[in-house]
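In: please work out how this folds:
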Amino acid sequence: MQKLNKIFLFKIIILTICSRGIAQDIHFSQFFATPLFTNPANSGLFDGDYRFVLNQKNQWNTFTNAYRTFGGSVDAAYKIKKINNSESGSGILLNQDLAGDGRFSTTQVYLNSALRFKFGNNNKFKTGIGIQLGYTFHSINFNKFRFGEQYDGEQFDPTRPSNEVWDFNKFYYLDVGSGIVFSYNHSPKFNIGTAISANHINRPKRTFLENSNSILPVKWTFNLFGEYNIKDDLWIEPLILYYQQQKYTELNLGGILRFNYNPLSFQSFSFGLLLRARDAGIVVFGLNYNNLRFFISYDINVSKLSAISKGRGGTEFSLIYIFSKPRPFDAPHYRKCPDFI
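Out: Numbers count the residues shown, from 1 in each chain. Have a look, this model is predicted:
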């Protein structure tokens, strides 16, 4: 009975979140593998011509129909010939999330664009700004829920009226975001960067009720990243990510150790540990093979929900492929010596 009460309580929480329109944004533990989602200024920020990213996460597997999240993006990098030491990038981002028995659905489609400049001694500094414009679609199936009015005192009767009134079961809104990024490349063995972004700048209305004033508040994201060559082929990538949305905050910090290894196009493998404060520990494993980077991670829940989740958080996968166009080979100029020399 206690277990049943906990599951019922969780369903009520999910229903309350959906009806008020204050559910958490789509969330990835591998924020380092979601460049366009983390900050639009990251568009085109890579070595190559095109970048393809796929993300998939299953959260809280001990619950029935918990969060199932999919993300994907494609972006391209461009050089601006008319502006010295400048580059730009653009891309498209698609996210889709399903949650709860009512199949609360979130689908996001965004277009990103960014512009960056290099400056300083030997162009070691780089700064850029990005914008994000798109639509978010929400839907839910209220017929899948069970309400208190549908219990006759002994058992659940789906034919009994719920006495709940909903104005509509789907809605959409325009969503605007922006971000900046700043990086410093000290040497081939050390670089560091930071980024700040703001999502939902237009504060869209997000509710299933016609007369509700539920507004989606601005979400601020602060990101710190870098890499340092510890010794020989061993590198460390420190990571910090901080979210703030009104009074709600989230802090992620940790690092990834990377060992560069180069037989048969196999470039590196990685192992990392991250901590999401007061929520979960995250174990990460990654491989880099021939411009293809793969990560798998697992969340170990340590929050108050661990009594229900039994410490199980979620499994997450990401795949990043960077494509570079073949570059023409320019042979060095030389002068042929006469035969008699």
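In: tell me where the protein has helices.
Out: Assigned by DSSP state H, the helices in the chain fall at 2-20, 35-38, 306-309.
In: pLDDT value on the nearest residue to Gly177 once chain neighbours are set aside, please?
Out: Nearest non-adjacent residue to Gly177, counting by CB to CB, 6 or more residues apart in numbering: Gln132, 3.8 Å away. In short, each C-beta sits where N, CA and C put it, glycine included. Per-residue pLDDT puts Gln132 at 98.
In: go on, Lys310?
Out: Per-residue pLDDT puts Lys310 at 64.
In: Ala307 too?
Out: In this prediction Ala307 is given a pLDDT of 63.
In: ok so, going back, partners of the residue nearest to Gly177 in the sheet?
Out: Taking DSSP bridges as the rule, Gln132 bridges to Asn112, Gly177.
In: residues near it, how many?
Out: Using other CB atoms under 10 Å, Gln132 has 26 other residues around it.
In: now do the buried residues in stretch 220-234.
Out: Buried residues in stretch 220-234, counted by 16 or more other CB atoms under 10 Å: 221, 223, 225-228.
In: and of those, the nearest to Leu239?
Out: Phe225 (5.9 Å; CB to CB).
In: which stretches in the chain count as strands?
Out: Assigned by DSSP state E, the strands in the chain fall at 50-59, 68-79, 86-99, 104-119, 125-139, 170-187, 190-199, 219-231, 234-245, 248-260, 266-276, 280-289, 292-301, 312-323.
In: OK, contacts around Leu257?
Out: Counting by CB atoms under 8 Å, 6 or more residues apart in numbering, Leu257 makes contact with 234-237, 270-272.
In: picking up where we left off before, Throw the strands of the chain into TSV and include distance to Glu154, thanks.
Out: Supplementary listing: those in TSV, determined by distance: least, CB to CB, whole Å:
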stretch	distance to Glu154
strand 50-59	34
strand 68-79	34
strand 86-99	30
strand 104-119	29
strand 125-139	33
strand 170-187	35
strand 190-199	47
strand 219-231	45
strand 234-245	43
strand 248-260	40
strand 266-276	42
strand 280-289	39
strand 292-301	35
strand 312-323	33
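In: of all those strands, which lies closest to Arg206?
Out: Nearest to Arg206 among these is strand 170-187 (6.5 Å), distances taken as CB to CB.
In: buried set for that closest one?
Out: 171, 173, 175-181, 183, 185.
In: same thing with stretch 279-286?
Out: 279-282, 284, 286.
In: who's in contact with that stretch?
Out: 29-30, 250, 254, 256, 258, 269-276, 293-303, 313.
In: state the mean pLDDT of it.
Out: Here stretch 279-286 scores 93 as its mean pLDDT.
In: how far out from the middle of the chain is it?
Out: Centroid separation between stretch 279-286 and its chain, computed with CA atoms, centre = their mean, to the nearest Å, is 15 Å.
In: would you put the C-alpha positions of it in CSV?
Out: Output of stretch 279-286 as CSV, limited to C-alpha atoms (Å, rounded to 0.1, in the frame of the first residue of the first chain):
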residue,chain,number,x,y,z
ASP,A,279,20.2,15.6,-7.0
ALA,A,280,22.5,13.0,-8.7
GLY,A,281,26.0,11.8,-9.4
ILE,A,282,26.8,11.1,-13.1
VAL,A,283,29.3,8.6,-14.5
VAL,A,284,30.4,9.3,-18.1
PHE,A,285,32.3,7.1,-20.6
GLY,A,286,33.3,8.2,-24.1
